[in-house]
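Sequence plus predicted model, see below.
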Amino acid sequence: MLIAHRNLTREKTRLALSIGGVALAIMLVLILDGLLAGMYRQITSYLDHTPGSVVVAQKGVRNLLGATSLLPAGAAADVEAIAGVAGAVPILSQFVVLDLHGKKQPAYLVGYPPELGGGPWDVVAGRTPETDEEMVFDRVLAARHDIGLGDEVALMDRTYSVVGLSRGTTSWMTSFIFLRQSAVQTLVRAPGAASFLLVDVKKEEAAESVRDRISELPGVEALLKSDVQANDRSLFGKFFSAPVRLMAGIAFLIGALVVGLVIYTATVERRREYGVLKALGARNCVLYSVVVIQAFWAALAGSAFGILLALGARTAIMAARPQFLIVLQADMAGRALLIGMGMGLLAALFPARAIAGLEPAEVFRR
Amino acid sequence: MTRLAVRNLFQNRTRLIISVGGVALALMLILSLDAIVLWIQQRVTAYIDSSGADVFVAQSGVRNLHMASSSLPWDRSALVAEVDGVQSVTPILYTTNVVAVGDERTIAYIIGLPRDALAGGPWIVRSGWADPGRGGAVIDQGLAEKSGVGLGDEVEIMGRTFEVVGLSGGTTSLTNSIAFIHSDDFSQLRGNPGIVSFLLIRVAPGASPPDVARRIESEVDGVTVQTRQEFAAQERRVVRDMSTDLVRIMNAVGFLIGLAVMGLTVYTATLLRRGEYGVMKALGARNRDLYASVAVQALVSVGLGLAVGVGFTLVLSALVPRLASNLGLAVSFASVAKTAVASVVFAGAAALLPIRQMRDLDPAMVFRGK
């Protein structure tokens, strides 16, 4: 242990660089993980805050954000007539691409009936729309593009006046904007149309039973709200997990190489001392353990520093770009330490050959 | 001095492999993220690029296909057909929906095509027919293989069962695939028969697409008209504008990691050869000669790292599509050039680290056996 410690700390700049390299790699893994976790939370924010425990969509559609849904005419009345249904809020929603100051900004447009709900849940400035020419805009997106109350925003072939700014309705991919349902029907030339029904279930009824009853209606798909949220998370996870895993994998290899480089150099530098130990009867496994301990401590220190760096980076990124939500949880820190240990173990393989091939007699020849 | 630097670098193969590998991987972080974004940009315009249309007509104010919706009254088709320079008009219907095969559900652009469509249909047909016909669907071959379906099997699109009559190629991206059905089936399922989404125009031989586009826009009300190139550029901008901030953050992290790895490499190499540098100093070499040697080592290391990093990324771009059908990498010259500039900065910064070591090196040290 003492030898390992002395070997590792003898050259301070080298140690600092190796800890820094591992820390940056761990920080990257954590930030990627945190972005994914934040994205999952942002994806379900609309359903988290809207009424009802059952969502009704066009048959075949099981997501809110993934697919465009259009319910058969009269679906709302049919659903409301089903036993156990306390009420149904129809919304007409779809993605739109806004052109804001020369930038393309995808947004999720929700048309809702103000008298029933389904609109913005936290309007921090202004009010909700009272006419078909008014909209509520996400406040983060509004701030990014210097849009304020009373400003006009073009959407497809119409223009709307911003009368409210909402909170908790943003993500780095898309933000929510709200119009009255009748306004969206006019915009997309679909009079009377609804995409989804947010169904409230009577207290004495189980949501599952009501869902099953609604599912018997033609042309519709009824799901528990929690299932729709899980489907949205799974869908977006499928999109982004492959690139994120690829980047995290590269970061892991970099961390292992950084530790490996330091441990290897430290071992080669102290070759003679290892030779003396061998000449005095130390077996290879003893020497390996010295190397593994060095790698372990370098990786552990780097991982711990990486967690601190990730916390700092999260604060900086979210302050500069509020559309990014980076969620770092305790289990992620634990995983980061484990990843760091993995880097250390992999790194310890590099000097293994140098130690195994060491001749005890070498020390006496010099 | 250059020879000495190169010999220093190549003397220990294991250390060289580790350090070049570290630099290569750090550069690969930057390169691969750029390559993923470029691949997405290329794929997002695959339908537009390969549609066979010269000009696209959409609802006024609609300039995108991806994440957008366009609704045009049916009569716009006849009005556009009368514009000078228009050879053919193909009205298509479009939405984002789900292709379901058993429990496998995949998001897809659903394109509703009229019979014998002159544009907008599948451009590579691996097997079966390009024309879906009533009750039929043409789906992406990769999706079909993944879901275990073939020609004659059934899939569910927009909640209705369709028979797979064709398998297309080049119709998948990170987020979705493309499926083609008959526009009458589409209209029936949408319950909105008087509406089409886009008009795909072929211009007459000799006519200029930009001129025809401007003529349509001035003669027909309520439409936004773009040439194929303009429409594709708008699509690429969606991906670019969405990913710019994320790419910047990741590039900054990749850059810092590369800097740390490179710094570590040059610093450890210098430290190990301290004795030799002492001999050189004792023999009269000046500090700047030693700095030059370190700088050459740094430059050669990053040069090798860049070559290996580009090589790794190219290998990855060949491997990834085999492992994940919805992901790919497209390595561009611009991205390699940007990374090369970053590499030179790595080398310059890394070469500064051991300056103090060089400066303070005591030539007498070598005689003391240190």
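Perfect, I can see it now.

residue in chain B nearest to chain A?
Going by CB to the nearest CB, chain A is nearest to residue B:159 of chain B, at 2.8 Å. Every residue, glycine included, has its C-beta placed from N, CA and C.

so how far is residue B:162 from the residue nearest to that residue when sequence neighbours are not counted?
Once flanking residues are discounted, residue B:159 sits nearest to residue A:59: 2.8 Å by CB to CB, 6 or more residues apart in numbering or on different chains. The spacing between residue A:59 and residue B:162, counted by CB to CB, to the nearest Å, is 13 Å.

got the contact list for stretch B:306-322?
A:246, B:20-21, B:23-28, B:31-32, B:35, B:327-331, B:336, B:339-340, B:343 (CB atoms under 8 Å, 6 or more residues apart in numbering or on different chains).

7 Å instead?
By CB atoms under 7 Å, 6 or more residues apart in numbering or on different chains, the surrounding residues in contact with stretch B:306-322 are B:20, B:24, B:27-28, B:31-32, B:35, B:327-331, B:336, B:339-340, B:343.

Give me the subset of those residues that also touch chain A.
Contacts with chain A within the contacts of stretch B:306-322, as defined by CB under 7 Å from any CB of the partner chain: B:28, B:32, B:327.

Run through the stretch 251-366 of chain A and note the low-pLDDT ranges.
A:269-270, A:360-366 (pLDDT under 70).

What parts of it come near chain B?
Residues of the stretch 251-366 of chain A lying near chain B (CB under 7 Å from any CB): A:253-254, A:257-258, A:260-262, A:264-265, A:269, A:317, A:321, A:350.

Just flag the most distant two among those.
Within those, two members stand farthest from each other by CB to CB: A:269 and A:321, at 43.8 Å.

on that earlier part again, what residues are up against the residue of chain B closest to chain A?
With CB under 7 Å, 6+ apart, residue B:159 has these contacts: A:58-60, A:219.

Next, give me the two most distant ones among these.
So, these by CB to CB: farthest apart are A:60 and A:219, at 9.5 Å.

which of the two has more neighbours?
residue A:60 (22 against 19; other CB atoms under 10 Å in any protein chain shown).

Could you give the backbone dihedrals for the residue lying closest to the more buried one once chain neighbours are set aside?
Nearest-residue entry for residue A:60: residue B:159, 3.6 Å, with adjacent residues in sequence omitted and distances by CB to CB, 6+ apart. Here is the backbone geometry of residue B:159 (degrees, to the nearest 10): phi 80, psi 0.

for the one 5 residues further on, same thing?
Residue B:164 has phi and psi values of phi -70, psi 120 when expressed as degrees, to the nearest 10.

now do the same end-to-end measure for stretch B:163-180.
11 Å (CA to CA, to the nearest Å).

And it, what's buried?
B:164-168, B:170-180 (16 or more other CB atoms under 10 Å in any protein chain shown).

what do you get for stretch A:168-182?
For stretch A:168-182, by 16+ other CB under 10 Å, it's A:168-182.

where exactly do the helices run in the chain?
Went with chain A since none was named. A:2-9, A:12-43, A:45-48, A:75-80, A:139-144, A:181-187, A:207-215, A:225-269, A:271-279, A:284-320, A:330-347, A:352-356, A:362-365 (DSSP state H).

switch to chain B, that's the one I care about
Using DSSP H, helices in chain B cover B:2-11, B:13-44, B:46-50, B:76-81, B:141-147, B:183-190, B:209-219, B:228-272, B:274-282, B:287-323, B:333-352, B:355-360.

can you redo those as JSON lines with mean neighbour count, mean pLDDT and distance to residue B:154?
Below are the helices of chain B laid out as JSON lines (neighbours: other CB atoms under 10 Å in any protein chain shown; pLDDT from 0 to 100; distance: least, CB to CB, whole Å):
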{"stretch": "helix B:2-11", "mean neighbour count": "16", "mean pLDDT": "72", "distance to residue B:154": "63"}
{"stretch": "helix B:13-44", "mean neighbour count": "24", "mean pLDDT": "80", "distance to residue B:154": "27"}
{"stretch": "helix B:46-50", "mean neighbour count": "19", "mean pLDDT": "92", "distance to residue B:154": "24"}
{"stretch": "helix B:76-81", "mean neighbour count": "17", "mean pLDDT": "93", "distance to residue B:154": "32"}
{"stretch": "helix B:141-147", "mean neighbour count": "20", "mean pLDDT": "87", "distance to residue B:154": "11"}
{"stretch": "helix B:183-190", "mean neighbour count": "21", "mean pLDDT": "90", "distance to residue B:154": "14"}
{"stretch": "helix B:209-219", "mean neighbour count": "18", "mean pLDDT": "95", "distance to residue B:154": "40"}
{"stretch": "helix B:228-272", "mean neighbour count": "22", "mean pLDDT": "79", "distance to residue B:154": "32"}
{"stretch": "helix B:274-282", "mean neighbour count": "18", "mean pLDDT": "77", "distance to residue B:154": "74"}
{"stretch": "helix B:287-323", "mean neighbour count": "19", "mean pLDDT": "85", "distance to residue B:154": "28"}
{"stretch": "helix B:333-352", "mean neighbour count": "18", "mean pLDDT": "83", "distance to residue B:154": "43"}
{"stretch": "helix B:355-360", "mean neighbour count": "13", "mean pLDDT": "74", "distance to residue B:154": "71"}
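
In TSV: the ones you listed, plus distance to residue A:44.
Output for those, formatted as TSV (distance: least, CB to CB, whole Å):
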stretch	distance to residue A:44
helix B:2-11	53
helix B:13-44	24
helix B:46-50	30
helix B:76-81	38
helix B:141-147	26
helix B:183-190	27
helix B:209-219	41
helix B:228-272	20
helix B:274-282	58
helix B:287-323	29
helix B:333-352	34
helix B:355-360	53
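
and the chain, what are its domains?
All of this is about chain A. A:2-43+A:235-365, A:72-218 (automatic domain parsing).

other chain: chain B
B:2-44+B:237-368, B:61-221.

Make JSON lines out of the ones you listed and add distance to residue A:293.
Conversion of these to JSON lines gives the following (distance: least, CB to CB, whole Å):
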{"stretch": "domain B:2-44+B:237-368", "distance to residue A:293": "19"}
{"stretch": "domain B:61-221", "distance to residue A:293": "43"}
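
For the closest residue to residue A:317 other than its chain neighbours, give me its contacts.
Once flanking residues are discounted, residue A:317 sits nearest to residue A:324: 5.6 Å by CB to CB, 6+ apart. Neighbouring residues of residue A:324 by CB under 7 Å, 6+ apart: A:35, A:38, A:172, A:317-318.

top strand in the chain by residue count?
Since no chain was named, I'll use chain A. Scanning chain A for the longest strand, with DSSP state E as the assignment, gives strand A:85-100.

please go with chain B instead
strand B:86-101.

nearest spatial neighbour of residue A:194, skipping sequence neighbours?
residue A:90 (3.7 Å).

Which residues are in contact with residue 201?
Went with chain A since none was named. A:53-54, A:84-86, A:207, A:210.

oops, I was thinking of chain B
Contact analysis of residue B:201 by CB under 7 Å, 6+ apart lists B:53-55, B:57, B:80, B:86, B:89, B:212.

mind running it again at 6 Å?
B:53, B:55, B:86, B:89 (CB atoms under 6 Å, 6 or more residues apart in numbering or on different chains).

Got the phi and psi for residue 117?
Just so you know, I chose chain A. According to degrees, to the nearest 10, residue A:117 has phi 120, psi -170.

my bad, chain B
Dihedral angles (degrees, to the nearest 10) for residue B:117: phi -60, psi 140.

Can you report how many residues lie near it?
Residue B:117 - counted by other CB under 10 Å - has 23 other residues nearby.

Wait, it touches residue B:91, no?
No - here residue B:117 lies out of contact with residue B:91, judged by CB atoms under 6 Å, at a distance of 9.0 Å.

Quick check: which ranges of the stretch 51-200 of chain A have low pLDDT?
Scanning the stretch 51-200 of chain A for pLDDT under 70 picks out no residues.

residues from the stretch 51-200 of chain B in reach of chain A?
For the stretch 51-200 of chain B, the residues in contact with chain A (CB under 6 Å from any CB of the partner chain) are B:59-62, B:64, B:67-69, B:71, B:95-98, B:100, B:107, B:156, B:158-159, B:174-175, B:190, B:192, B:195.
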